[in-house]
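Enquirer: mind folding the following:
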Amino acid sequence: MSTKPRPTLVALIVSAITLSACVPVSPWQRGILAKPSMATAPTPMQDTLSEHTHSSREAESASSSASGGGCGCY
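Expert: Numbers count the residues shown, from 1 in each chain. I've put the predicted structure just below:
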């Protein structure tokens, strides 16, 4: 006996999970959600600078395409 899940049952479960995450946001809650501390990267410029410094000093190509020699050069 095979216990293979049916595609319709899987689709129903996935859609139920997906739709349960959608809730209306009240106007007074939008102010809280718009704060910089709620952002994925609250300081994107500082994160970019730190990543550049790290990749230059480590002499590796971490997530950028440039590789450094440890001296900060490309």
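Enquirer: pLDDT weak spots in this protein?
Expert: 1-2, 5, 58-74 (pLDDT under 70).
Enquirer: quick check: phi and psi on the residue nearest the centre of it?
Expert: With distances taken as Cα atoms, centre = their mean, the residue of the chain nearest its centroid is residue 40 (6.6 Å). Main-chain torsions, residue 40, degrees, to the nearest 10: phi -60, psi -40.
Enquirer: quick check: the gap between the closest residue to residue 25 other than its chain neighbours and residue 21.
Expert: If the residues on either side of it in the chain are set aside, residue 25 comes closest to residue 33, at 6.7 Å by Cβ to Cβ, 6 or more residues apart in numbering. For the C-beta atoms, the positions are set from N, CA and C on the backbone; glycine is no exception. Separation of residue 33 from residue 21 (Cβ to Cβ, to the nearest Å) stands at 14 Å.
Enquirer: ok, these two, which is more surrounded?
Expert: residue 33 (9 against 6; other Cβ atoms under 10 Å).
Enquirer: quick one: the more buried one and residue 27 touch, right?
Expert: No. Checked against Cβ atoms under 8 Å, the pair residue 33 and residue 27 is beyond contact range at 10.9 Å.
Enquirer: can you check which residues contact both of the two?
Expert: With contacts taken as Cβ atoms under 8 Å, 6 or more residues apart in numbering, residue 33 and residue 27 have no neighbour in common.
Enquirer: relative to residue 18, how far out is the residue nearest to residue 25?
Expert: On the measure of Cβ to Cβ, residue 33 and residue 18 end up 20 Å apart.
Enquirer: cool, and residue 27?
Expert: Counting by Cβ to Cβ - residue 27 and residue 18 are separated by 25 Å.
Enquirer: check residue 46 too.
Expert: Counting by Cβ to Cβ - residue 46 and residue 18 are separated by 34 Å.
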